[in-house]
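In: build the 3D model from these lines:
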Amino acid sequence: MKIWVSNFGPQHSRQLLLALGKPSWLGKFYTALASDKFALGWLPAKLQAALKKRAFPGVPGEKVEHFPLLFLLERLGRGMSPGFSRWIGNCFDWRVARRIRREKPDLVITYENTNLATLRAAKRAGITTILDLAQIHQADIAVHAKAFLSPEQWQAEVDIVNPRKARALEYTDFVITLSSFAADSMLRHGWPAERLFMANLGIDPQRFTLKSRYSDRHGLRLLFVGTMTKRKGLGVLLEALEQLPEQSVFLTLIGPMADAAALIQANRHRVRYLPFLHHEELVRHYQEADVFVFPSLLDSWAQTVLEAMACGTPAIVTENTGAKDAVVQGGGWVIPANDTPALVRLLQDLLLHPEQIEPTGRRAHEIAQQYTWDHYHRQIANILNTITQRNPLNA
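Out: Okay, here's the model as predicted:
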């Protein structure tokens, strides 16, 4: 069996490729940029670090085909209009579709937004198709997105993006989701249960290790790691912070800036913001924090939640965060999304009863050991073995 994978961006596709490589199933991977196909040593260190996020170590270079010009055009065009970025994604999609028609692999795995032509070409050739869904059903995204998108962005999502996703699903045989949150979303909108699978993303337990001790100091050291965007619930988190005694809670934010710069600037006296850290430094921050807070308005998984838990730091997440699958086992607390009072009440309770933190954190570490990359690879192998034993939909 030869499987092709197509993903304009990286997302979690590197681990999918490694899973496919173990039984030698990977035929070809198409992406916008695979930076390990270039020599990066001559570039500034900051740019090297950014491009390494587009690397696919462990994947044979001859099985990776990329389109760096499309990547560059998409990056340059981000300031022009969303329509231009969508057009670049379509160009990528059309190129992969042409190769599908010519070479006809056994199975194709794609990711949303740049896959309609690829899926259509595959189905017309009688090829089994899989969507590796990094989010939730598009109709539910539209519901949740009203809380963090501008009216213009939300309208484009409803009028342009969602119809294209719906059309792509017409050519999709099977869907792999990351969490029960995403799976429930697909089922609620009519996707057949027998064509739906779940594979949780993992962590490296050798890198994210249990802290050596828990703090006995007064107050709470909170940590958030992720992109600085309203979608991650930063507005809720910072609003909650304003309602707590200033000397009792300190928040560290780590991650690249997006649309939350004004929020962070307005609260700069109460937070520390770090745009980038190497993994070793990041692990230290996970271990030094008392509680990891991730009040996302919409996340199909949230890798950083498991990383914090693996370090023995309990997590606060929302009902709209896929990683709640791990948290609800005893590794932290789950609150409603977009509910500042609920977050304030929970943080006040932790300030009054800090003795909860250590046992919950130790339990979080135990739970996180279930979610390794080896486990993810086994889940993918089992899913694909199951799929190949079934008859895909007719083209």
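
In: for the residue lying closest to Val334 once chain neighbours are set aside, give its distance to Asp36.
Out: Of all residues not flanking Val334 in the chain, Lys324 sits nearest, at 5.0 Å (CB to CB, 6 or more residues apart in numbering). Glycine gets a C-beta too; all of them are placed from N, C-alpha and C. According to CB to CB, to the nearest Å, Lys324 stands 34 Å off from Asp36.

In: these two: who's more crowded?
Out: Taking neighbours as other CB atoms under 10 Å, Lys324 and Asp36 compare with Lys324 leading, 27 against 18.

In: residues touching the more buried one, list them.
Out: The contact partners of Lys324, by CB atoms under 8 Å, 6 or more residues apart in numbering, come to 179, 181, 317-318, 334.

In: what's the answer for Ala145, then?
Out: Ala145 makes contacts with 153-154, 157, 231, 298, as judged by CB under 8 Å, 6+ apart.

In: confidence-wise, which of those comes last?
Out: Among the contacts of Ala145, Gln153 carries the weakest pLDDT, at 91.

In: report the contact partners of it.
Out: Gln153 makes contact with 82, 145, according to CB under 8 Å, 6+ apart.

In: closest to Arg363 among the contacts of Ala145?
Out: Nearest to Arg363 among the contacts of Ala145 is Leu298, at 26.4 Å by CB to CB.

In: apart from its chain neighbours, what residue comes closest to the closest one?
Out: In this structure, Leu298 finds its nearest non-sequential neighbour in His144, 4.4 Å apart by CB to CB, 6+ apart.

In: okay, and the helix or strand of the protein with the least pLDDT?
Out: The least trusted helix or strand in the chain, going by mean pLDDT, DSSP states H and E, turns out to be helix 45-52, with a mean of 67.

In: so after that helix, what's the next helix or strand?
Out: Sequence-wise, the next helix or strand downstream of helix 45-52 (DSSP states H and E) is strand 64-66.

In: helix or strand next in line after that following strand, which one?
Out: helix 68-77.

In: tabulate the CA atom coordinates of whatever helix or strand comes next after that following helix in PDB.
Out: Using DSSP H and E, the helix or strand that directly follows helix 68-77 along the chain is helix 82-103. Output of helix 82-103 as PDB, limited to C-alpha atoms (Å, rounded to 0.1, in the frame of the first residue of the first chain):
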ATOM      1  CA  PRO A  82      -7.300  36.600   2.300                       C
ATOM      2  CA  GLY A  83      -8.500  36.000  -1.200                       C
ATOM      3  CA  PHE A  84      -4.900  36.000  -2.500                       C
ATOM      4  CA  SER A  85      -3.800  33.400   0.100                       C
ATOM      5  CA  ARG A  86      -6.800  31.200  -0.800                       C
ATOM      6  CA  TRP A  87      -5.800  31.500  -4.500                       C
ATOM      7  CA  ILE A  88      -2.200  30.300  -3.600                       C
ATOM      8  CA  GLY A  89      -3.700  27.400  -1.700                       C
ATOM      9  CA  ASN A  90      -5.800  26.500  -4.700                       C
ATOM     10  CA  CYS A  91      -2.600  26.500  -6.900                       C
ATOM     11  CA  PHE A  92      -1.000  24.000  -4.500                       C
ATOM     12  CA  ASP A  93      -4.200  21.900  -4.500                       C
ATOM     13  CA  TRP A  94      -4.400  21.900  -8.400                       C
ATOM     14  CA  ARG A  95      -0.700  20.800  -8.600                       C
ATOM     15  CA  VAL A  96      -1.200  17.900  -6.300                       C
ATOM     16  CA  ALA A  97      -4.400  16.900  -8.100                       C
ATOM     17  CA  ARG A  98      -2.500  16.700 -11.400                       C
ATOM     18  CA  ARG A  99       0.000  14.300  -9.900                       C
ATOM     19  CA  ILE A 100      -2.800  12.200  -8.400                       C
ATOM     20  CA  ARG A 101      -4.400  11.700 -11.800                       C
ATOM     21  CA  ARG A 102      -1.000  10.800 -13.300                       C
ATOM     22  CA  GLU A 103       0.400   8.400 -10.600                       C
END
